[in-house]
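**Q** Starting from these lines, generate the structure:
(2 chains)
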Amino acid sequence: GAVVSQHPSWVICKSGTSVKIECRSLDFQATTMFWYRQFPKQSLMLMATSNEGSKATYEQGVEKDKFLINHASLTLSTLTVTSAHPEDSSFYICSARPLRLWGVYGYTFGSGTRLTVV
Amino acid sequence: SQQGEEDPQALSIQEGENATMNCSYKTSINNLQWYRQNSGRGLVHLILIRSNEREKHSGRLRVTLDTSKKSSSLLITASRAADTASYFCATNDMRFGAGTRLTVKP
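**A** Down below sits the predicted model:
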């Protein structure tokens, strides 16, 4: 149980285009989802916290108009990278917190999306 | 923003040896979690320790927590080549430390 599906696993897009990344909780409801960005050999940088039915909370320095987050249901959150540029190339990972915490009380992560902007 | 630092940043050991990784954090916590990440993949939850706990075990994993020092350690005993990965701690607000890259040589 507690599976998070993230799609696509990788995407290549041209500069100036937008890319949407989906994060779905498959067997549980997630009131809160987290979006991270990770550069090679570095840690995960929290970008924003997504709450179902309300606006996302962005971390300082993250452009909310650049990284649009929509958490429209208890099982789906999306991150749209708008007007992508090569510097947006990175590994993006989502994480979901179950409505009811599981036995190990952990958070479940998607498998990540490798975005390359050319 | 990052929560703290893992120590060491990289660790290379032989199979069968124990590996100890440390994590420091900055704010008050309700719990602290350890995760593992294989290269280019998502994270896998390993263990959670609550702020009122000092030590917790799970298989070959042992986690300690010292809230007075705002630090935690993860011990992997009898390491295996398959333990090669990056290990991160995260506070309950889901901010991660810098991580330790563990390499276990067969």
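
**Q** What residues sit buried inside stretch B:94-106?
**A** Residues of stretch B:94-106 classed as buried by neighbour count (16 or more other C-beta atoms under 10 Å in any protein chain shown): B:94, B:95, B:96, B:97, B:98, B:99, B:100, B:101, B:102, B:104. In this view, the C-beta of every residue, glycine as well, is placed from N, C-alpha and C.

**Q** Of the residues you listed, which fall within the contact range of chain A?
**A** Applying C-beta under 8 Å from any C-beta of the partner chain to the buried residues of stretch B:94-106, one finds that B:94, B:95, B:96, B:97, B:98, B:99, B:101 fall near chain A.

**Q** Next, format these as a markdown table and append distance to residue A:41, pLDDT and secondary structure.
**A** Formatted as a markdown table, these follow (distance: C-beta to C-beta, whole Å; pLDDT from 0 to 100; DSSP: H, G, I helix; E, B strand; the rest coil):
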| residue | distance to residue A:41 | pLDDT | secondary structure |
| --- | --- | --- | --- |
| B:94 | 21 | 84 | coil |
| B:95 | 19 | 86 | coil |
| B:96 | 14 | 88 | strand |
| B:97 | 14 | 85 | coil |
| B:98 | 10 | 86 | coil |
| B:99 | 9 | 90 | coil |
| B:101 | 7 | 94 | strand |
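
**Q** These: which two are farthest apart?
**A** B:94 and B:101 (21.0 Å; C-beta to C-beta).

**Q** Setting aside sequence neighbours, what's the nearest residue to whatever residue of chain A ends up closest to chain B?
**A** Going by C-beta to the nearest C-beta, chain B is nearest to residue A:106 of chain A, at 3.1 Å. Closest residue to residue A:106 apart from its sequence neighbours, by C-beta to C-beta, 6 or more residues apart in numbering or on different chains: residue B:45 at 3.1 Å.

**Q** ok, then the element right after the helix or strand harbouring residue A:69?
**A** Counting by DSSP states H and E, the element that carries residue A:69 is strand A:67-73. Note on strand A:67-73: by DSSP H and E, the next helix or strand toward the C-terminus is strand A:76-81.
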